[in-house]
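Student: Please work out how this folds:
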Amino acid sequence: MDIIINYLMIPQLQTAGAIIFLLALALLLGSSLLAFVSEIKHSSSPKSNLPTMSHNITRSTWLGVVLFSLLGGTTVFLPLYLTLMNSTPLLITGLSSSLALIFFLLYHFTAKIIKLKFIHAPLALFAAGCALGAAIFWYLPHTCAAWFAAKSHLSTTEDILFWWLGRNEVACFLHFILNAVGVAALFFLLANAREKENKRKQSREYYFQAAGYAGRWLLTSVTLQILPLGWIFYNLAVANPGMLFTTPKVYWFAGILSTALLGWLLLIKITKDGLVNRRATMIIALFFIISLNLFHFGPLRL
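Tutor: Numbers count the residues shown, from 1 in each chain. Coordinates of the predicted model:
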């Protein structure tokens, strides 16, 4: 056991484990939210394809959620099992993510058993709430304490505003929330296009409706990324004037913007035209993955 723990303590493995764990948490949060919204919309339009869609949203992500949770959670939390009780934020993160996984799986696998929407739909909401709680304690473990310590020294609204704008962890948290919705929508968009081309289990109208639903959520989340990412880059520029325009960082910055813009424009095209095309969706996914990798693993990384 000690050999395994020592192996998992390697910094590169801890970094990889944290990324995998956050991917699982993002899929949990995003797919639960999308499924819950679909359930709520179904209650006002019972003749639509939304009940089938809500189940297919979680079906497109549940296997990835389970595998990534086990792999990432084991890598991150197993080496800390002796000291986990002394770290309240990490303990709450682990417990909240576990509860989120339980509620998520209950929601997915009871879709055809529990017919009452007012009982079934809250399971997705509980899963999303627990995942959100885990994300809060992962990204913002000490922000509230810092705020209570600092607010007595902040006399004006401008001081308060600039205090919050200086907290990069808040921008990273918002970036994660938007990414969670975007990643879940992208998974569903890919699964929907693949099913339409290979199996055709549903009507033609369903696939276009599902693609429009996922595409709009993905487009919204990608567009709103301008806010937290602009926030982060602003703080970087203030801390180090001119850093974004010095080599090699300017090339990374240009790469982030150009790949994200290409993916965004192609996403607008297929969403506007109502296309259900797996190749186009995979190209969009590739552009966004490249952009995120350039941001998170390049010299501009926080």
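Student: for this protein, which helix is longest?
Tutor: If each helix of the chain is counted by residues according to DSSP state H, the longest one is helix 11-44.
Student: For that helix, give the mean pLDDT please.
Tutor: When pLDDT is averaged along helix 11-44, the result is 88.
Student: residues of that helix that come out buried?
Tutor: By neighbour count, and taking 16 or more other CB atoms under 10 Å as the criterion, the buried residues in helix 11-44 are 17, 19-39, 42. Where C-beta positions appear, they are placed from N, C-alpha and C, glycine not excepted.
Student: Does it pack against any helices or strands, and if so which?
Tutor: helix 2-8, helix 50-59, helix 62-77, helix 88-109, helix 117-139, helix 168-198, helix 204-224 (3 or more CB pairs under 8 Å, 6 or more residues apart in numbering; DSSP states H and E).
Student: Check which helices and strands the helix or strand bottoming out on mean pLDDT in the chain sits against.
Tutor: Counting by mean pLDDT, DSSP states H and E, the weakest-scoring helix or strand in the chain turns out to be helix 2-8, with a mean of 71. Other helices and strands packing on helix 2-8, by 3+ CB pairs under 8 Å, 6+ apart, are helix 11-44.
Student: Compute the inter-axis angle for the helix it packs on and helix 62-77.
Tutor: 140 degrees (axes from the mean of the first three to the mean of the last three CA atoms, to 10 degrees).
Student: what's the angle between helix 11-44 and helix 168-198?
Tutor: Here the directions of helix 11-44 and helix 168-198 differ by 70 degrees (the same axes, to 10 degrees).
Student: what angle sits between helix 11-44 and helix 88-109?
Tutor: Between the direction of helix 11-44 and that of helix 88-109, the angle (the same axes, to 10 degrees) works out to 50 degrees.
Student: Any figure for the gap between residue 173 and residue 141?
Tutor: For residue 173, the distance to residue 141 under the criterion CB to CB, to the nearest Å works out to 11 Å.
Student: between those two, which one's more packed in?
Tutor: Applying other CB atoms under 10 Å to residue 173 and residue 141 shows that residue 173 carries more neighbours, namely 19 against 16.
Student: need the contact list for that one.
Tutor: Taking CB atoms under 8 Å, 6 or more residues apart in numbering as the criterion, residue 173 is in contact with 135-136, 139-140.
Student: Could you check the pLDDT of it?
Tutor: Looking at residue 173, the pLDDT reads 91.
Student: For the least confident helix or strand of the chain, what is the distance to the chain centroid?
Tutor: Relative to the mean C-alpha coordinate of its chain, helix 2-8 is positioned 29 Å out (CA atoms, centre = their mean, to the nearest Å).
Student: Need the residues that contact it.
Tutor: Counting by CB under 8 Å, 6+ apart, the neighbours of helix 2-8 from elsewhere in the structure are 13-14, 17, 74-75, 78-79.
Student: go again using 6 Å as the cut-off
Tutor: Contacts to helix 2-8, defined as CB atoms under 6 Å, 6 or more residues apart in numbering, come from residues 75, 79.
Student: in the stretch 1-150 of the chain, what spans have low per-residue confidence?
Tutor: Segments of the stretch 1-150 of the chain classed as low confidence (criterion: pLDDT under 70) are 1-2, 7, 42-51, 82-85, 115-116.
Student: and the closest residue to residue 71 other than its chain neighbours, what does it touch?
Tutor: With CB to CB, 6 or more residues apart in numbering as the measure, residue 20 is the residue that lies nearest to residue 71, at 5.4 Å, once sequence neighbours are left out. Contacts for residue 20 were tallied using CB under 6 Å, 6+ apart; they are 68, 71-72.
Student: I'd like to know how far residue 20 sits from residue 229.
Tutor: Spatial separation of residue 20 from residue 229 under the definition CB to CB is 22 Å.
Student: cool, and residue 292?
Tutor: Relative to residue 229, residue 292 is positioned 10 Å away (criterion: CB to CB).
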